[in-house]
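Student: Model the structure of this input:
(one chain, ligands or ions: 1)
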Amino acid sequence: MYATAGSDDPYLVIRGVTKRFGPFTALQDIDLDIHKGEFVSFLGPSGCGKTTLLRAISGLDVQTTGSICQGGRDISSLPVSQRDFGIVFQSYALFPNLKIKDNVGYGLVSAGKSRKEIADRVMYLLGMVGLADQAEKYPSQLSGGQQQRVSLARALALSPGLLLLDEPLSALDARVRARLRGEIRELQQRLGITTIMVTHDQEEALTMSDRIVVMSKGRIEQIGTPDEVYRRPASPFVADFVGRMNFISGKLVDGGAADCKGAMLRFVGELPYAPGTPVTICLRPEDVVVREVSAGSNVFDVDVGVMEFMGNHFSTTLHVQGSNLNISADLSMNDVRDLGIKPGARVLASLPTDRLRVFASAA
Ligand code: ATP
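Tutor: Residues are numbered from 1 along each chain as shown. Purely as a prediction, here's the structure:
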C-alpha cells in the first residue's frame, strides 16, 4: 500500500519555516528533509516548538514564512482538508457518542465510501491494531491504550501519505506505553508509512525512530540517527537532553588534551583553539571502563565514592586521585562483584579517549 524507504527524493521538504506568535518566535528558519517510509521524531523540552512544527506540517497552524512540500506538492498554504495526513493526539480525541467502528469509519463516511467498503476497511483496521472484537463498544468502555489504538486505526483509515503522532503515548502508564511503543513501530514498518512523532521522551525517540530531530528554542540542534544523537551529540544541549552525561570542565593544554581540575584528559582529534581555551568534555557514565585496564591515556587511580544500586548496574562516583575531578560511572554487576568494588576501594579506571566529546565553552 505504501512505498518503502529508500527513494532518493525526500517525501517531505521543509524550507526556511518560521512561525511567530505576535512578537514571539516559536520556530526559527527550519530546514528539514524527511524520506518516504521514515519514522522521524521531533524531540525537545517543553516549549521548544516541536508541536508548532507538526501543526505547520498538518496545516492546523500556518507558518509565518517558508515552504512545505509533500510528495512533490507545495502544501504551504493548503487548508487542512486538502492535505494528505492522518493524526493521533495525546488525548485520543475519539467521539464519545460513537461506537469504535464508527469512530474508525468516520473519515471513510465523509469521503463518500460505500457501506460495504467502510465495513470491510474498518474491520481490517481494527484487526490490524488488535481490536476486532471491540467494534461495537464505546470509547469509555476501552482502556487508554486501546483508545489510542483506535485513534491510530482512524488515522490510517484513508491510507494517508503521512502519519503525524502528537505525544501519542504521554497519557498512558509506563507499561502500556512501552508495549504500544513497539506496536506502533512494528505497524509503521509493516506499512512503510512516513511518520513524524512529537515527543519530549528521549527513550521513546531513541527506541522508535529512524532519525531524531532534536529541537531547542525554536531551532534544530541536531538531526541524526538515534545512535548518532546518543554517541555524537552535536552540542552540550543535546548531550544533556539525550541520556545521562558527565560534563567535565577544563582548559586546553594543546589541541588534543585538557587539564580538568588537575587531571589531564586526552581526546581524539585536534581542536583548533589556543591553549587555555575553556572546554566542556562530555562522557557517558557507561563508557567508563574498570575491567582489564592497563596504563595509558586517561587511565587513573580512582577512589570509589557513593554507589547506588540501579537494578542492573551501580551508579558510582569515582574520585580521580591527585585531582579535584569526580566522575559518575555506571558499573556492571559483574565488574563490581569480580573486582570487589565498594565505597572506599581504589581501582584503576579508563576514560576512553574515543568516547570523549569536547566542546569549546562559551567565553
Ligand atoms: P510542549 O511539549 O510543552 O507542547 P512544544 O515543544 O510542543 O512544547 P510548542 O507547543 O510548539 O512547544 O510551543 C512553542 C512555543 O510557542 C511555546 O513557547 C508556546 O508558548 C508558544 N506558542 C505555541 N502556540 C502559541 C499560540 N497559539 N500563541 C502564542 N504562543 C504560542
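
Student: mind listing what's buried in whichever strand or helix holds Arg181?
Tutor: Secondary structure assignment for Arg181, by DSSP states H and E: helix 174-191. Judged by neighbour count using 16 or more other Cβ atoms under 10 Å, the buried positions of helix 174-191 are Val176, Arg177, Leu180, Arg181, Ile184, Arg185, Leu187, Gln188, Leu191. Just so you know, the C-beta spots here come from the backbone N, C-alpha and C atoms, and that holds for glycine as well.

Student: before we move on, what about stretch 191-207?
Tutor: 191-202, 204-206.

Student: Restrict the residues you listed to those that also contact the ligand, please.
Tutor: Restricting those to those touching the ligand (Cβ under 6 Å from any ligand atom) yields His200.

Student: quick one: which of the buried residues of stretch 191-207 is nearest the ligand?
Tutor: His200 (5.1 Å; Cβ to the nearest ligand atom).

Student: check contacts around the closest one.
Tutor: Residues near His200 by Cβ atoms under 8 Å, 6 or more residues apart in numbering: Leu43, Gly44, Pro45, Ser46, Lys50, Glu167, Ser170.

Student: Show the pLDDT at the fourth one.
Tutor: Spelled out, that is Ser46. Listed pLDDT for Ser46 reads 93.

Student: where along the protein do the helices fall?
Tutor: 50-58, 100-110, 115-128, 144-156, 174-191, 202-208, 226-231, 236-241, 333-338 (DSSP state H).

Student: Dump those into a markdown table; add mean pLDDT as well.
Tutor: As requested, these are exported to a markdown table (pLDDT from 0 to 100):
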| stretch | mean pLDDT |
| --- | --- |
| helix 50-58 | 97 |
| helix 100-110 | 94 |
| helix 115-128 | 95 |
| helix 144-156 | 94 |
| helix 174-191 | 92 |
| helix 202-208 | 95 |
| helix 226-231 | 96 |
| helix 236-241 | 93 |
| helix 333-338 | 95 |
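
Student: Contacts only, for the most centrally placed residue in the chain.
Tutor: When Cα atoms, centre = their mean is applied to the chain, the residue found nearest the centroid is Ala205 (2.6 Å). If you count contacts by Cβ under 8 Å, 6+ apart, Ala205 has them with Ser41, Leu43, Met197, Thr199, Ile212, Pro226, Val242.

Student: same thing with Gly49?
Tutor: Gly49 neighbours (Cβ under 8 Å, 6+ apart): Lys19, Ala26, Leu27, Met215, Lys217, Gly218, Arg219.

Student: Pick out whichever of the residues you listed sits closest to the ligand.
Tutor: Taking the contacts of Gly49 together and measuring to the ligand by Cβ to the nearest ligand atom, the closest member is Ala26, at 3.4 Å.

Student: Quick check, that closest one in contact with Thr51.
Tutor: No. In this structure Ala26 lies outside contact range of Thr51 using Cβ atoms under 8 Å: 9.2 Å.

Student: the inter-axis angle of the helix holding Arg181 versus helix 144-156?
Tutor: 20 degrees (axes from the mean of the first three to the mean of the last three Cα atoms, to 10 degrees).

Student: Could I get the CA-only coordinates of helix 174-191 as PDB?
Tutor: Extracted in PDB, the C-alpha atoms of helix 174-191 (Å, rounded to 0.1, in the frame of the first residue of the first chain):
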ATOM      1  CA  ALA A 174       4.600   3.100  31.800                       C
ATOM      2  CA  ARG A 175       3.800  -0.500  30.900                       C
ATOM      3  CA  VAL A 176       1.200   0.300  28.300                       C
ATOM      4  CA  ARG A 177       3.400   3.000  26.900                       C
ATOM      5  CA  ALA A 178       6.300   0.500  26.400                       C
ATOM      6  CA  ARG A 179       4.100  -2.000  24.700                       C
ATOM      7  CA  LEU A 180       2.400   0.400  22.400                       C
ATOM      8  CA  ARG A 181       5.800   1.900  21.500                       C
ATOM      9  CA  GLY A 182       6.800  -1.400  20.000                       C
ATOM     10  CA  GLU A 183       3.400  -2.000  18.400                       C
ATOM     11  CA  ILE A 184       3.300   1.400  16.700                       C
ATOM     12  CA  ARG A 185       6.900   1.000  15.400                       C
ATOM     13  CA  GLU A 186       6.100  -2.500  14.100                       C
ATOM     14  CA  LEU A 187       2.900  -1.300  12.300                       C
ATOM     15  CA  GLN A 188       4.700   1.700  10.900                       C
ATOM     16  CA  GLN A 189       7.500  -0.500   9.400                       C
ATOM     17  CA  ARG A 190       5.000  -3.000   8.100                       C
ATOM     18  CA  LEU A 191       3.000  -0.300   6.300                       C
END
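
Student: Show me what that helix is packed against.
Tutor: strand 39-43, helix 144-156, helix 202-208 (3 or more Cβ pairs under 8 Å, 6 or more residues apart in numbering; DSSP states H and E).

Student: Go through these and pick out the most buried.
Tutor: strand 39-43 (a mean of 26; mean count of other Cβ atoms under 10 Å).
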